[in-house]
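Here is my input; please provide its structure:
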Amino acid sequence: MKGRQSSGPVTTEIYADDAFFDSNKNVGIFSGHVKVADPRFTLQSEKLTVYITKGENQGLEKAVAEGNVAVVRDRPDPSGGAPTRAVGRSDQATYFASTGNVELRGTPRVQEGVNTHIATSPDTVMVVNQNGQLTTHGPSRTEIRQEPKTDEGEKENEAKPPPSPKESATP
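Down below sits the predicted model:
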């Protein structure tokens with residue numbers, strides 16, 4: 001089952017301090033300590049607006065999270081190892097049900113493992129698709145961290161003197 005999407009129904013739970021529903025507009029607004037638990041991701045924000053499709057096949061059309069948004073998505077490892085965790089933070093995130101894409105706006109940043117991709121402008125938009133691919137529109141910075149090697153790397157590190165306290169002290 002790892003890596004495969006279920007063809008059955010998906011249950012999404014939304015927790016919030018306050019909720020408002022408008023059945024004429026098919027909109028739900030959740031506010032205050034919003035938490036979303038979904039098998040595909042988890043989300044936290046200050047406000048969440050959910051748009052439901054109209055007609056016979058009602059379902060989620062899109063969801064817009066606002067205010068201190070954090071989205072966490074675990075992607076299964078195809079070789080059976082531990083899943084890869086991606087964490088997105090932004091001022092606003094929009095989830096589009098038709099594509100599974102999450103669009104991050106408002107100085108977004110995405111961290112996957114030890115690597116981080118950070119917008120350098122509040123106007124930068126990052127789009128994470130359901131396969132874990134990230135597309136960025138606008139200026140950004142990427143930090144790629146490499147862990148030291150455990151075998152030969154330790155021997156190399158032992159040969160180097162530790163940095164002096166003067167170098168690491170802040171002025």
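
and Asn101, how many residues sit next to it?
16 (other Cβ atoms under 10 Å). No exception for glycine: its C-beta is placed from N, CA and C like everyone else's.

Check which element follows the strand ranked longest in the chain along the chain.
The longest strand of the chain (DSSP state E) is strand 60-75. Once the chain leaves strand 60-75, the next helix or strand it forms, by DSSP states H and E, is strand 84-96.

Show me which residues of that following strand are buried.
The neighbour-count check on strand 84-96 (16 or more other Cβ atoms under 10 Å) flags 86, 88-95 as buried.

any idea which of these is closest to Arg40?
Tyr95 (9.5 Å; Cβ to Cβ).

Tell me where the protein has helices.
Shown for the chain, the helices assigned by DSSP state H span residues 152-159, 165-168.

Tell me where the chain has strands.
13-15, 18-22, 27-38, 41-52, 60-75, 84-96, 101-105, 109-112, 115-119, 125-128, 134-137, 140-143.

any idea how far Thr42 lies from Val50?
For Thr42, the distance to Val50 (Cβ to Cβ, to the nearest Å) stands at 15 Å.

Repeat that for Thr120.
31 Å.

quick one, which of those two is more surrounded?
Val50 (21 against 10).

So that one is in contact with Ala16, correct?
No: using Cβ atoms under 8 Å, Val50 makes no contact with Ala16, being 10.7 Å away.

Low-confidence ranges, this structure, go.
Where the chain drops to pLDDT under 70, the residues are 1-7, 151-171.
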